[in-house]
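Novice: Give me the fold of what follows.
(chains A and B)
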Amino acid sequence: MKLFNEPSPLETRIISFRFGLENSASLDTYLAHDGYKALRKALEMTPDDVINEVKASNLRGRGGAGFPTGLKWSFVPRASEKPKYIVVNADESEPGTCKDRLLIQNDPHQLIEGVLLGAIAVGAKKGWIYIRGEYNYLIAIMDKAIEEAYKNGFLGKNICGTEFEFDLYTHTGAGAYECGEESALLESLEGKRGVPRIRPPFPAISGAFQAPTLLNNVETFASVPAILRMGGAAYADLGVPKSGGTRMVCMSGHVNKPGVYEVPLGFPMMKFVNEIGGGIWKGRQLKAIIPGGSSSPLLTAEECDIPMDYDSIAKAGSMLGSGGLMVMDETTDMVKLALRIMRFYQHESCGWCIPCREGTTWLKKMLQRVTDGHGQTRDIDLIGDLAQNMLGRTFCPLGDAAAMPTIAIVKKYRNEFEAYVAKNPFAASELVSIS
Amino acid sequence: MTFSPELEAKFADLVTHYPEGRQRAALIPMLMFGQDEIGSVTQEMMDEFGKRLGLSTMQVDEVVGYYSMLHKKPMGKFHVQVCTNVACMLRGGAELYDHACHKLGLGHKQVSADGRISLEEVECMGACSWAPAIQVNYDFHHEVSTDQLDTILEGLQ
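Specialist: From the prediction side, this is the model:
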């Protein structure tokens, strides 16, 4: 399978090491390179031992929230009258993020194996991979891998000659960012509008079809086979305390060598941009970085000299999120950036919670007004206030996702908003209508 | 309403993927695959799927209205989708979209008079590290320059 970018020698390739091998998506290639070894190992372990290994790895969810994976797995009740399910979130939609696509395209069996390990850990017999509609070609790749796995005794009944059984299916989305949020994804999986559910109960107790469900991101599941093979402690040691292992970071924007690269948690952000990414393009200076998808608050150039792990980025006031790292050079217009981000969230708000539906709509209108040169100073304050008032007032994180980057941009680049306002000849007039 | 034998077989298999009594779960994949074959989500299709899955047409309709990839109005034979979200914007996605508008004489979600091409400005499609990106139907094109866009558009016959 063709790779979209050359790997870098500075990477630590734990879950991407099969990328670039001939027929890397095939079962033969997978088996020739440690494939399904972790499964055979786990079939001789107790479910608790599997969960403990994942806990020891310090693996944290790779979809955005960064919740400890082993802990999440332990929340699924042991005994359940209802069947238990696994759902893989492959609705990769956070702007800046394009890693799950590569994991499925280049190594679908690794994902299947990760799902099987989750199934052993929680006692599930059926699962779905929810793939965003735009990734139509991945459904064909995934279906082919699933078919190969069935034919060779890695899915279906009597897996590897044991009593263990598991059925796995792909399920297509139809274009909705909101369905990347776990409870909205479950609604969508059930054939409904992707509107979030009120929690509790969490999916571990009542998820897909109101049954206990283990739901994780593609990269999270894909990391588990390596954890079982090398041992949780060894995997944890690759990263930093509380953030174990490696993760796929998607570098985009104004760099010389954009691409998806696998690095250990705690890898220095500036080294990542300058050495793996080849530095800022066109010989320009760095202005800011969005570290984890467009919902993570941006960091100014001065704030970027930090390690890339969950806690270090949180300390700097942002999030590692989905690993979508977007780099901006000195020419970037921050007002236009704020508008483009808000246009996205306004388009994608599911409309259920008023602070999000109305908040994103009014923020978009005000940002558009400032960008068009009709803004006033009070608009800048109002944008900040409105975003602040959305925080924590919606059922799902989309409201926060829209508010957080806006607050950061207005706070850190207020001068640019003021420069736009200064272009409005009527800015000082109280008589200007608010269109 | 019937679909091709291949698609009917796919539908028959699809409904077995979900727990007994929860066949509604097949609705969104059925709408996507049905649209791929027919060209749009028609009233007849919504009635048919409602009947097959035990839903009212209204219940199907509210789902169709929610998802951005489901179209009640037919798009062109070649549906050109240009991403202008942040990662693509930083590498010229907005200019690429403007170029496509001028070249095709079409705006957002407009279809050419002969039904051959339609255009849509889309949100992030997961090609951020290889921006700016476009999709023609389901085919990705990465790191597209305006010249390359011209070549791609001219090749859509």
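
Novice: The stretch 201-350 of chain A: strands as residue ranges?
Specialist: Using DSSP state E, counting those that start in this stretch, the strands of the stretch 201-350 of chain A run over A:213-217, A:246-253, A:259-264, A:267-268, A:286-290, A:299-300, A:307-308, A:324-329.

Novice: what packs against the first one?
Specialist: Same thing as strand A:213-217. Of the remaining helices and strands, those touching strand A:213-217 by 3 or more CB pairs under 8 Å, 6 or more residues apart in numbering or on different chains; DSSP states H and E are helix A:69-74, strand A:85-90, helix A:108-122, helix A:182-189. For the C-beta atoms, the positions are set from N, CA and C on the backbone; glycine is no exception.

Novice: From the rest of the structure, what touches that strand?
Specialist: Outside of strand A:213-217, the residues within contact range by CB atoms under 8 Å, 6 or more residues apart in numbering or on different chains are A:61-64, A:69, A:72-73, A:76, A:84-89, A:100, A:118, A:121-122, A:124, A:182, A:185-186, A:203-204, A:206-208.

Novice: Could you list which of those also contact chain B?
Specialist: For chain B, the contacts drawn from the contacts of strand A:213-217 by CB under 8 Å from any CB of the partner chain are residue A:100.

Novice: Report the residue ranges of every domain in the chain.
Specialist: You didn't pick a chain, so chain A it is. Structurally, chain A divides into domains by automatic domain parsing as follows: A:27-238, A:248-329, A:334-422.

Novice: Correction: the question concerned chain B.
Specialist: For chain B, automatic domain parsing gives the domain ranges B:5-66, B:78-154.

Novice: deepest of those domains, which one?
Specialist: When the domains of chain B are scored by mean count of other CB atoms under 10 Å in any protein chain shown, the highest mean neighbour count falls to domain B:78-154 (a mean of 20).

Novice: same question for it, mean pLDDT?
Specialist: Averaged over domain B:78-154, pLDDT sits at 97.

Novice: what pLDDT, on average, does stretch A:390-405 get?
Specialist: What stretch A:390-405 shows for mean pLDDT is 94.

Novice: who's in contact with that stretch?
Specialist: By CB under 8 Å, 6+ apart, stretch A:390-405 touches A:64-65, A:177-178, A:181, A:183-184, A:196-198, A:290, A:294-298, A:338, A:341-342, A:345-346, A:348-350, A:352-353, A:355-356, A:359-360, A:363, A:387-388, A:407.

Novice: Same check on stretch B:11-27?
Specialist: Stretch B:11-27 has contacts (CB under 8 Å, 6+ apart) with A:83, A:126, A:128, A:169, A:171, A:189-192, A:209, A:211, B:3, B:29-30, B:33, B:49, B:52-55, B:60, B:63.

Novice: Might you calculate how far it sits from the centre of the chain?
Specialist: Centroid separation between stretch B:11-27 and its chain, computed with CA atoms, centre = their mean, to the nearest Å, is 22 Å.

Novice: for stretch A:374-385, same thing?
Specialist: Here the centre of stretch A:374-385 is set off from its chain's centre by 31 Å, with CA atoms, centre = their mean.

Novice: what does stretch A:209-224 give?
Specialist: In terms of CA atoms, centre = their mean, the centre of stretch A:209-224 is set 13 Å apart from its chain centre.

Novice: Just give the number of residues close to residue A:91.
Specialist: Using other CB atoms under 10 Å in any protein chain shown, residue A:91 is surrounded by 33 other residues.

Novice: hang on, I meant residue A:65
Specialist: By other CB under 10 Å, the residues close to residue A:65 number 16.

Novice: Packing partners of the helix or strand hosting residue A:40?
Specialist: Using DSSP states H and E, residue A:40 falls within helix A:37-42. If contacts are counted by 3+ CB pairs under 8 Å, 6+ apart, helix A:37-42 sits against helix A:108-122, helix A:218-230.

Novice: next helix or strand past it?
Specialist: The helix or strand immediately downstream of helix A:37-42 is helix A:47-56, counting by DSSP H and E.

Novice: Mind giving me the packing neighbours of that following helix?
Specialist: Using 3+ CB pairs under 8 Å, 6+ apart, helix A:47-56 is in contact with helix A:69-74, helix A:108-122, helix A:218-230, helix A:232-238.

Novice: got JSON lines for the ones you listed, with mean neighbour count too?
Specialist: Formatted as JSON lines, the helices and strands packed on helix A:47-56 follow (neighbours: other CB atoms under 10 Å in any protein chain shown):
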{"stretch": "helix A:69-74", "mean neighbour count": "21"}
{"stretch": "helix A:108-122", "mean neighbour count": "27"}
{"stretch": "helix A:218-230", "mean neighbour count": "26"}
{"stretch": "helix A:232-238", "mean neighbour count": "19"}
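
Novice: and residue B:88, which of those is closest to it?
Specialist: Residue B:88 sits nearest to helix A:218-230 of all these, at 22.0 Å, using CB to CB.

Novice: Next, the angle helix A:108-122 makes with the closest one.
Specialist: 80 degrees (axes from the mean of the first three to the mean of the last three CA atoms, to 10 degrees).

Novice: by contact count, what packs against helix A:218-230?
Specialist: On a contact count with 3+ CB pairs under 8 Å, 6+ apart, helix A:218-230 meets helix A:37-42, helix A:47-56, strand A:85-90, helix A:99-106, helix A:108-122, helix A:232-238, strand A:246-253.

Novice: Need the three-state assignment for the residue of chain B most remote from its centre.
Specialist: Checked against the mean C-alpha position of chain B, the extreme residue using CA atoms, centre = their mean is residue B:20, at a distance of 29.7 Å. Secondary structure, DSSP: H, G, I helix; E, B strand; the rest coil: residue B:20 is coil.

Novice: quick one: it from residue A:83, how far?
Specialist: Look at residue B:20 and residue A:83: by CB to CB, to the nearest Å, they are 11 Å apart.

Novice: With residue B:5 instead?
Specialist: From residue B:5 across to residue A:83, the span is 32 Å (CB to CB).

Novice: export the strands of the stretch 201-350 of chain A to JSON lines and tack on mean neighbour count?
Specialist: What follows is the strands of the stretch 201-350 of chain A, written out as JSON lines (neighbours: other CB under 10 Å):
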{"stretch": "strand A:213-217", "mean neighbour count": "27"}
{"stretch": "strand A:246-253", "mean neighbour count": "27"}
{"stretch": "strand A:259-264", "mean neighbour count": "24"}
{"stretch": "strand A:267-268", "mean neighbour count": "19"}
{"stretch": "strand A:286-290", "mean neighbour count": "24"}
{"stretch": "strand A:299-300", "mean neighbour count": "17"}
{"stretch": "strand A:307-308", "mean neighbour count": "24"}
{"stretch": "strand A:324-329", "mean neighbour count": "27"}
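
Novice: what's the closest of those strands to residue A:147?
Specialist: For residue A:147, the closest of the strands of the stretch 201-350 of chain A is strand A:213-217, at 23.1 Å, according to CB to CB.

Novice: Please consider this matter closed, and thank you.
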